[in-house]
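Colleague: sharing a model that was predicted from the sequence below.
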Amino acid sequence: MAGLVDTKERLVDVWGGRVKLRFQIVGTGAPLIYLHPAAGLHFDPFLATLAKRYTIVAPEVPGTSPGDGNAIHQVDDLWDLVLLYEEGIRKLGLNGTPILMGQSFGGMLAAELAAHFPAMFKKLVLFDPIGLRREGLPITNWMTTPPPALAALLFKDTSHPAAKAMFTPPADPEAAANGTAALVWALGCTGKFVWPIADKGLRKRLHRVTAPTLVIWGEDDALISSGYAKEFGNAIKGSRVEVIPNCGHIPQLEQGETALKLVNAFLGD
């Protein structure tokens, strides 16, 4: 888990022993499960702040864990991944009913988990989730977007410090090459579950979500139209929808203070 603080690692045997699901854990307090976006797990300032109040429990999509790339071949489709995550989370034996949070690809996966297992989670927070598709609301194919062009898809302001931190390559050429390779591999692993169209019928399952839900979206999201915020809000009964202006696909980084206030207010209810 790349990022700002040291985490504890826990491996959990799942899927009949065919996969060792790796969790990164940090913080103190009530459990909060965080599902990472397509590019993999990175511990950012937003999560670091949440870790002061919650125990962040972050599983890594099989194949994206360093040194275990072949694990992706044990998971055939999205339904396998949903069941695999459910199994791993239950085996952790967390103290209390966890909060569930996901970003983008992780938001879709969080919504699927909350729909399949409604009683399993206390609250649900979704940041710009993929998973729905409607004519007139564009989705950019990130799988075919060259890495240098990703910044403009993810951030409204590509000069934002978070954008620079994410996309400025290391000075060491070998480290830069390894970083690009890891990114491409992670996108390939997660892409397996959404390619060629990131709509696997989630809309018809969202009515099953019973956990109080907060949907946060960047108004200027160039990857997935912010119009989908309303789509998720309409599909999840009683959910709150917040669209943040002057913000791209990653609200918790580009407008971190605003996103944190919204999340803290929601989780504190």
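Modeller: That came through fine. Everything numeric here is computed off the predicted structure, so don't read it as measured data.

Colleague: okay, CA-based contacts and neighbour counts for the rest of this
Modeller: Will do.

Colleague: strands of the stretch 151-269 of the chain, start to end?
Modeller: Secondary structure of the stretch 151-269 of the chain, counting by DSSP state E, counting those that start in this stretch: strands at 213-218, 240-244.

Colleague: what comes into contact with the first one?
Modeller: This means strand 213-218. Residues external to strand 213-218 that are found in contact with it (C-alpha atoms under 8 Å, 6 or more residues apart in numbering): 123-128, 226, 229, 232-233, 236, 238-251, 259, 263, 266.

Colleague: what do you get for stretch 160-177?
Modeller: 148, 151, 155, 157, 158, 179, 253, 254.

Colleague: any chance of JSON lines for the residues you listed, columns distance to residue 169?
Modeller: Output for the contacts of stretch 160-177, formatted as JSON lines (distance: C-alpha to C-alpha, whole Å):
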{"residue": "148", "distance to residue 169": "10"}
{"residue": "151", "distance to residue 169": "12"}
{"residue": "155", "distance to residue 169": "17"}
{"residue": "157", "distance to residue 169": "18"}
{"residue": "158", "distance to residue 169": "15"}
{"residue": "179", "distance to residue 169": "8"}
{"residue": "253", "distance to residue 169": "18"}
{"residue": "254", "distance to residue 169": "19"}
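
Colleague: inside helices: which ones of the residues you listed?
Modeller: Secondary-structure check on the contacts of stretch 160-177 using DSSP state H: residues within helices are 151, 179, 253, 254.

Colleague: those residues: which two are farthest apart?
Modeller: 179 and 254 (22.0 Å; C-alpha to C-alpha).

Colleague: what's the closest of the strands of the stretch 151-269 of the chain to residue 207?
Modeller: Nearest of the strands of the stretch 151-269 of the chain (C-alpha to C-alpha): strand 213-218, 11.9 Å.

Colleague: tell me what angle that closest one forms with strand 240-244.
Modeller: Using axes from the mean of the first three to the mean of the last three C-alpha atoms, to 10 degrees, one finds that strand 213-218 and strand 240-244 are set 10 degrees apart in direction.

Colleague: coming back round to it: of the ones in helices among the contacts of stretch 160-177, closest to residue 21?
Modeller: When those are compared for distance to residue 21 (C-alpha to C-alpha), residue 179 wins out at 22.0 Å.

Colleague: and residue 267, what's its pLDDT?
Modeller: Residue 267 carries a pLDDT value of 98.

Colleague: one more: residue 146?
Modeller: 85.

Colleague: cool, thanks, signing off.
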